[in-house]
Structures are given as structure tokens and as C-alpha cells.
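*Asks:* Got a predicted model here, sequence first, then my questions.
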Amino acid sequence: MTNILINDIIQDIETKEFDNIDDWFGKELRNNNNKKDVIAIHVNVRSLNNLKLNMLQIYLKNFKKVDILVLTEISLTKEQMKFYELKNYNLFSYHRANKKGGGIAVYINKNIQSSEVKIMQFKNAENIEIELNKKKLIINAVYRPPKSNVKEFIKELKKWLQNKDVKNKDVMIIGDININILEETSQKQDYVEMLSSLGIISSIQKVTREEILNGRRVSSCIDHINIRKKGNFSAGVIKEKIADHYFTYIILKNTKTNDENQLINIRIIDEEKIKRLIEEYDWDELIKTNKNAEVLYNEIVQTFHNLYVNAYKEIKIKKKYEGNHWINQEIRNEIKKKQNLWKLVKSNPGNEYLLKQYKKARNKLTNEINKAKCRDNTRKFNSCKGDMKSTWKLINNITKKKISNVKSEIEKNFRKTGLNLKTITNNFNNSFKDEIIKLKSSKENLNTALNIQPERIEERELFEIEEMTHMDLRNIVKNIHERKAAGNDGIRPKDIKNNILSLQNILLTLFNKIITEGKIPTGMKISRISPVYKKQEKDEYSNYRPIVSHATQYRH
């Protein structure tokens, strides 16, 4: 009686099937404009690598619509995982300790509030528990190795579902469970019956893994999305392959997400307004009274700061989604060719010729992806020529290196010393100063090595620097890199270059006063020094190098 009831429940679940990602997107997502729906996808990747990540990005080119992506059997260490982060997604991961294989990665769209919880760590499976939407939904992403004890796993899963922090909440159990629910076994029966008794629905009832073994097709449903939730959902299988498993998905209808997180408030300078303010300001008023270069420079800096304050505006922008520009039509065609060949292989499992053609198409697709990404990266680097800031930003983006705030990074590195930030800053200054003194003291040794005899160097006559002309000033300003960051004085290089006609008199007066007085204003000589870690111990000052940022005028 129980078996009949369970089978009836399974048969009542509609599991949709789609031939590929494009088919799924066109029929399930294209007309889905409900931002409150939550879309989750799972696939077993059988060891995550760059190629498979690239394939994921191709398949899910409409990735911004997917809220949750679960990858099982990633076979990566925690250190390796940092190279597989996805923009606009928070990453949660589980890794085996001291052995290969297994592992789980869960990507949650940053539009959804999410946090990892620790309710119960399984012994007969690997799992990560994540809570969404202010405790409205708990996700348990699971990978159960095929050789682990099935009965003990079912007991563990039941215990988790009965936990006081879980039993009254919406639940999603998603991953590779390695229990074939298309096969009539006692294990399958115990598993499905346990889920049903606790109000859990098995939403995936179609083949999720298909391969050719010894000339015959082998099929199973071992990738599951089990759900307990108020409201409707849509679930199914997408017959697209990263390894030997198909994609599975679920769309939870009308689940609240944090839509406000899609907008960011930012404060920027209105470029048209700052240009107008600089043009309209009476700069000649600053040079009417006879003042030295020090005072004049300080007044110029203060005036710029006042103009910037008046030019600021606050805007709301949507979080930017950067598509994969390297995906071209040729790659899409190769994907379709591979998909069609796989259909033929499934229909003709003993045909060695078709299997060979499928593998050939798969390898060609891999090569095309690698070449396309290489071309795209070359294009990006060419667009950054002459701009080191953009170049390093691109390098860090490609290598997935996280850029942290210098202040917070220094505080973390020197935390165990017990020193406050001011003391650490002074220690850095003294360390860098000592290095300069060492370099100066080594000058005598350097001269000796080069056989330079200072007493034989003839004295040179004094020379006089001519005053700067308008032509001199324009030639200098012409070479300013307007994309460079502002120096310690806060004046942006592009505001000088783009407004030289309005500023030429005040700048010419300033520089000629410097030449006449023979003294550079203090503010122009102040540099902002940022310590950058080089190697070895992170709480040793000598293991950092100084990066210096000068005032714009002083650099040119």
C-alpha cells in the first residue's frame, strides 16, 4: 500500500525536459519578468577547471537571471577555489580535507541576502547549509559519494529535516545524491518514503545522467532537487553536459528577494558641471595680491576642493552585468553541432563512428573556447596600453585576485603585534626612511666601485632657469595622462588638461613664482605613501615596498 502511494506521488510531479540551455531559456525564462522568483541550477562537474567554468559561462550567457548555482564534485582545495569566483555572486564552498575528489560550490546572487549556517554536518555525505531571505528558505547542497552508506545517509537527512531549526521552514535539498529513483530498489523506496513523510517533494523525476558504457546507453536519475515550500514551482532537466551529468533546475515562484540591492547609490562628480565651474571661476582674483608660491598653491588647492564639493551629484545605478564578450557565433555553432551529435550517439549507442565524431566535435569546441578567450584578453590588454591602473585591474580580474583596502589589510597583518594603526604608520615611515639613509650611505661604496674620484670633478658654473612661457606650460599639460588618479592634493589631472585655457594664467604665475623664489610649496612635495607587501612575513616592515603618489603639478 505504501509503495503504491509513493509511486503515485512521484508520477504526479511534472519534471520538464529541455534539449539545451537555449531551449530552456526561451521557454522558461525569456518571458519570466517576475523578479521575485528564485531560479536555482545544479550540475555535477566531475572536477572543476577553467574549461568547464568557461563552458558554464557559455551555456548560461543569460547568467544574470540565475540566482543560485550549485556545482558538485568540484575536486578543488580552498586555495584553488579563489580562482573560480563569479562576479556578482557570493561563493560558499566545501572541500575535502587532505584528499582529492568531492567538494561543493554554491554561488548565490548578491541580490539575495544569504549566509552560511551550521545546523548539521553529514558523515555519509558532503553538504553546505545556506539560509536565504531572512530565514524564509534553507538550502542544503549535498554531494553523496557512491560508496557511502545509503541507509545511514537517509537517517542523517531525516534527522536534519526534523531539526528544530529546519522542520518549520521552507527547504531545498539540491545536489548529486547518487540514489537512482528511476530504479525500483529498497534504497530508493526508503529514501522517497522518508522525504514524503516529512512533506518533501522530489521535483526531478527524469534522467539526469546518461553515458555510453561498453557500447550501451546507461541512464539514471541521481541528481535531485527536493523541495518543501508554500507556493508553486517549476522544475526539470536540461540535457546539456559539462561532464557526464545533465543540468537540473527549479524555479521557486513569488519568493521575495532584496530588489533594492540591485541599485547602488554612488556619489560622483558631474563632469559638465565641474568644467563649467572651473571656466566661470575668476582665477585672476587669486593673483591680484602679491603672495608667495606657498600661499598661492594652497589657495588653488582649496578652490578646487570647493568646486568639487559643488559639482558632486548622487545617482542610483544598477549593478553592472558584464557578459562574456568572447562568446561568438562560431562557438555557438560548435555547441549546437556537439549537441546534435550527442543525440545521435544516444540513439545509436553501438556506433563507434558517431562516438568518434562526437569526441572530435567536443575537442574542437574546447580549442575554439581557448582561442576566443585568448583573443578577448589580448583585446582588453591592448585597450589598457599606457594605463597601468587599468592594466593591473585587468590582471587581477583575470587571476581572480581580490583587492583589499590597504588600511584593513595592514591592520590584519599586524594584528598580533598589538599596535594601533598610528604606531604602525609611524613605524612604516621610519622603516622607509632608514632604507633611504642606507642607500645614501652606500653612495661612497658605489663611487669607489665605479672608480669615480669626486675631487677631480670640475666645478660647474651656476645656471639660471628662465621663466616659463605659455607655450612651455601648454607642452607640459599636453603630456598629462588625464586618466591618472589625483595626487595628495586631490586635484584630478584631467581637470587641468581639459581646462588649460581657464587655468593657464594662474598656473603660469604659480610656476614662475616657484622659479623666482627657488622654493617648491610644501603641499606639492607631500607624497602619499602606501606600503605594498612583497614577500615572507607579513608583520615585518622590511617586507613591504613604498608606492608613492605625488601631487599632479609636481609629477609634471
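*Replies:* Ah, there it is. Note that the structure is predicted; figures quoted are calculated from it, not measured. Residues are numbered from 1 along each chain as shown.

*Asks:* ok, longest strand in the chain?
*Replies:* The longest strand of the chain (DSSP state E) is strand 233-241.

*Asks:* quick one: strands adjacent to it?
*Replies:* Strand 233-241 pairs in its sheet with strand 15-18 (parallel), strand 246-252 (antiparallel), by DSSP bridges.

*Asks:* now it: mean pLDDT?
*Replies:* Across strand 233-241, pLDDT averages out at 92.

*Asks:* what's that strand in contact with?
*Replies:* 13, 15-21, 23-24, 28, 59, 203-204, 206-208, 210, 225, 227, 246-253, 339, 342 (CB atoms under 8 Å, 6 or more residues apart in numbering). (C-beta placed from N, C-alpha, C; glycine too.)

*Asks:* Pull the distance from the strand or helix carrying residue 330 to the chain's centre.
*Replies:* Assessed by DSSP states H and E, residue 330 sits inside helix 329-347. Centre-to-centre, helix 329-347 and its host chain are 31 Å apart (CA atoms, centre = their mean, to the nearest Å).

*Asks:* List the buried residues in that helix.
*Replies:* For helix 329-347, a neighbour-count test (16 or more other CB atoms under 10 Å) marks 331, 334, 335, 337, 338, 339, 341, 342, 345, 346 as buried.

*Asks:* out of everything not next to it in sequence, what's closest to residue 129?
*Replies:* residue 117 (4.8 Å; CB to CB, 6 or more residues apart in numbering).

*Asks:* which residues touch that neighbour?
*Replies:* Residue 117 makes contact with 129, 130, 131, 138, 165 under the criterion CB under 8 Å, 6+ apart.

*Asks:* hmm, back to that, now the helix holding residue 330: mean pLDDT?
*Replies:* Averaged across helix 329-347, pLDDT comes to 82.

*Asks:* ok, residue 52 - how many residues close by?
*Replies:* Applying other CB atoms under 10 Å, we find 18 other residues in the vicinity of residue 52.

*Asks:* hang on, the earlier thing: point out the other helices and strands that the helix holding residue 330 packs with.
*Replies:* The contact analysis (3 or more CB pairs under 8 Å, 6 or more residues apart in numbering; DSSP states H and E) places helix 329-347 against helix 50-59, strand 209-213, helix 352-383.

*Asks:* Quick one: closest of these to residue 109.
*Replies:* Closest approach to residue 109 among those (CB to CB): helix 50-59, 14.9 Å.

*Asks:* can you give me how far the closest one is from the chain middle?
*Replies:* Relative to the centre of its chain, helix 50-59 is centred 15 Å away, using CA atoms, centre = their mean.

*Asks:* Which positions in that helix come out as buried?
*Replies:* Applying 16+ other CB under 10 Å to helix 50-59 flags 52, 53, 54, 55, 56, 57, 58, 59 as buried.

*Asks:* thinking the first one is in contact with residue 44, fair?
*Replies:* This means residue 52. No: using CB atoms under 8 Å, residue 52 makes no contact with residue 44, being 10.8 Å away.

*Asks:* Overlap in contacts, these two.
*Replies:* Common contacts of residue 52 and residue 44 (CB under 8 Å, 6+ apart): residue 243.

*Asks:* burial of the closest residue to residue 221 other than its chain neighbours, as a residue count?
*Replies:* Leaving aside its chain neighbours, residue 221 sits nearest to residue 182 (4.6 Å; criterion: CB to CB, 6+ apart). Look at residue 182: counted by other CB under 10 Å, it has 14 neighbours.

*Asks:* likewise the one 4 residues further on?
*Replies:* Residue 186 is flanked by 9 other residues according to other CB under 10 Å.

*Asks:* Who are the contact partners of residue 45?
*Replies:* 52, 71, 72, 73, 74, 242, 243 are the contacts of residue 45 under CB under 8 Å, 6+ apart.

*Asks:* could you measure it against residue 339, distance?
*Replies:* Distance of residue 45 to residue 339, given as CB to CB, to the nearest Å: 18 Å.

*Asks:* what do you get for residue 100?
*Replies:* Here the criterion is CB to CB. By it, residue 100 lies 31 Å from residue 339.

*Asks:* which regions of the stretch 151-300 of the chain lie under the pLDDT threshold?
*Replies:* The model of the stretch 151-300 of the chain has pLDDT under 70 over residues 254-264.

*Asks:* for it, what spans make up the helices?
*Replies:* 186-197, 271-280, 293-311 (DSSP state H, counting those that start in this stretch).

*Asks:* so can I have TSV of these showing distance to residue 352?
*Replies:* TSV is the format used below for the helices of the stretch 151-300 of the chain (distance: least, CB to CB, whole Å):
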stretch	distance to residue 352
helix 186-197	34
helix 271-280	65
helix 293-311	71
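
*Asks:* Select, out of the ones you listed, the one closest to residue 432.
*Replies:* helix 293-311 (25.0 Å).

*Asks:* name the helices or strands packed onto the closest one?
*Replies:* Of the remaining helices and strands, those touching helix 293-311 by 3+ CB pairs under 8 Å, 6+ apart are helix 271-280, helix 500-517, helix 522-525.

*Asks:* need the buried residues of helix 50-59 in CSV with pLDDT, can you?
*Replies:* Shown next, in CSV, are the buried residues of helix 50-59 (pLDDT from 0 to 100):
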residue, pLDDT
52, 89
53, 88
54, 86
55, 85
56, 86
57, 80
58, 81
59, 79
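
*Asks:* number of nearby residues for residue 509?
*Replies:* Residue 509: 19 surrounding residues under other CB under 10 Å.

*Asks:* what residues are up against it?
*Replies:* So residue 509 contacts 287, 296 (CB under 8 Å, 6+ apart).

*Asks:* For the residue nearest to residue 499 when sequence neighbours are not counted, give its distance to residue 511.
*Replies:* Among residues not flanking residue 499 along the chain, residue 278 sits closest, at 4.6 Å (CB to CB, 6+ apart). Residue 278 sits 18 Å away from residue 511, going by CB to CB.
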